[in-house]
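Chemist: whatever this is, show me its structure:
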Amino acid sequence: HLGASGVAHVLELATRPVMATHSSARALRDHHRNLTDDQIRGVAATGGVVCVNFFPHFLAADPSGYTLDTLVDHIEHIASVAGVDHVGLGPDFVREVLQDLTPPCCEDLGFGELDPYATVQGLEGPRGLPLVTEALVGRGVPDKDVLKILGGNVHRLFGEALR
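Modeler: Numbers count the residues shown, from 1 in each chain. Okay, here's the model as predicted:
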């Protein structure tokens, strides 16, 4: 949840791999929560991982872009900028959390114009994760790279950080 100056500061100080746990590509969706290509390269330079956020408002400006294809576009963009060893998944299933934790009395959750209950169709919760695998395979991403994206890169990062 850092802004541009916070990201710059972390990358300046980092002596170990940095993980952006739920970010997407600003080149595809100009949202302050998304990372620029330079920031993505900065995370990769630490040996870190950028995990693509599934929250649809970070994937596209218009609800017509709240799609699995748009999500995979973000994954592929980050992989093209940083390398496939530096991209992962950071679903951030906001709707599921809000439905579990928000009392029915509370209409205004303070999200402004963002609909906190919006989702990518099929990815309303963890049960939809196999759709991401299918989409990556359908785009011709090699199996070894799919495994990296689905968790292998984060596993590697944790293994290195916990040594």
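Chemist: buried residues in the helix or strand harbouring residue 78?
Modeler: Residue 78 belongs to helix 68-82 when assigned by DSSP states H and E. Judged by neighbour count (16 or more other Cβ atoms under 10 Å), helix 68-82 contains these buried residues: 68, 70-79, 81-82. C-beta here means a position set from N, CA and C on the backbone, and glycine is covered the same way.
Chemist: got the contact list for the residue lying closest to residue 23 once chain neighbours are set aside?
Modeler: Leaving out its chain neighbours, the residue that sits closest to residue 23 by Cβ to Cβ, 6 or more residues apart in numbering is residue 35, at 4.8 Å. Residue 35 sits next to 7, 20, 23, 24, 25, 26, 43, 50 when contact means Cβ atoms under 8 Å, 6 or more residues apart in numbering.
Chemist: can you give me the pLDDT of residue 35?
Modeler: On pLDDT, residue 35 comes in at 97.
Chemist: any idea how far residue 130 lies from residue 148?
Modeler: Distance of residue 130 to residue 148, computed by Cβ to Cβ, to the nearest Å: 17 Å.
Chemist: residue ranges of the strands in this protein, please?
Modeler: 19-23, 49-53, 87-90 (DSSP state E).
Chemist: what are the pairing partners of the last one, and which direction each?
Modeler: To tie it back to what came earlier, the one meant is strand 87-90. strand 49-53 (parallel) (DSSP bridges).
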